[in-house]
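Peer 1: sequence? don't have it. structure:
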């Protein structure tokens, strides 16, 4: 698959770059992508949007993705993601939309998600999560949708 990188463009499919030529978005819907998320994605420190829903991406989420301090959307719904959310995700201070609906995540919902002060949508239904939604979520005053 060839992905065209375009400078300063907003595109619904593929990848885009900011005005400095740095990758800031990858969006590939229902493209039968399989395999794992490479740790090298963490080197794309200007990433704002990772939108890869309805593919066959498996394994765990690499810790290196926590390098995306300006990430706004992390959408991996309907994939084969396993394990827990990496602690490195604490740094997602600008995240507005997090969706790992129908993956294979397990364990408790981390309390540190309450640090995502810009969060408006949070979806983790149909996983293997344990426990309740942390009480600390009450500080997420921008949160409009949770499932």
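Peer 2: Looks like it arrived, so ask away. Computed from a prediction, not measured in an experiment: that's the story for all the values here. Numbers count the residues shown, from 1 in each chain.

Peer 1: pick out the residue closest to the middle of the protein.
Peer 2: Nearest to the geometric centre of the chain sits residue 74, at 2.2 Å (Cα atoms, centre = their mean).

Peer 1: now do that residue, the pLDDT please.
Peer 2: If you check residue 74, the pLDDT there is 97.

Peer 1: show me what the helix or strand where residue 15 lies is packed against.
Peer 2: For residue 15, the host element (DSSP states H and E) is strand 14-17. Contacts defined by 3 or more Cβ pairs under 8 Å, 6 or more residues apart in numbering; DSSP states H and E place strand 14-17 against strand 5-7, strand 23-27. Just so you know, the C-beta spots here come from the backbone N, C-alpha and C atoms, and that holds for glycine as well.

Peer 1: burial count for the residue nearest to residue 108 when sequence neighbours are not counted?
Peer 2: Distance criterion Cβ to Cβ, 6 or more residues apart in numbering; nearest residue to residue 108, sequence neighbours excluded, is residue 131 at 4.1 Å. For residue 131, the tally of surrounding residues (other Cβ atoms under 10 Å) stands at 8.

Peer 1: correct me, but residue 131 touches residue 109?
Peer 2: Yes: counting by Cβ atoms under 8 Å, residue 109 is a contact partner of residue 131 at 6.8 Å.

Peer 1: that older thread, the residue nearest to the centre of the chain looks like it's in a strand, true?
Peer 2: Yes: residue assignment for residue 74, taken from DSSP: H, G, I helix; E, B strand; the rest coil, places it within a strand.

Peer 1: hey, what's it bridged with?
Peer 2: Beta-bridge partners of residue 74, counted by DSSP bridges, are residue 50, residue 98.

Peer 1: OK, contacts around it?
Peer 2: Contacts for residue 74 (Cβ atoms under 8 Å, 6 or more residues apart in numbering) come out as 50, 92, 95, 97, 98, 99, 100.

Peer 1: list the contacts of residue 38.
Peer 2: Contacts of residue 38 by Cβ under 8 Å, 6+ apart are residue 62.

Peer 1: count of residues packed around residue 43?
Peer 2: With other Cβ under 10 Å as criterion, residue 43 counts 11.
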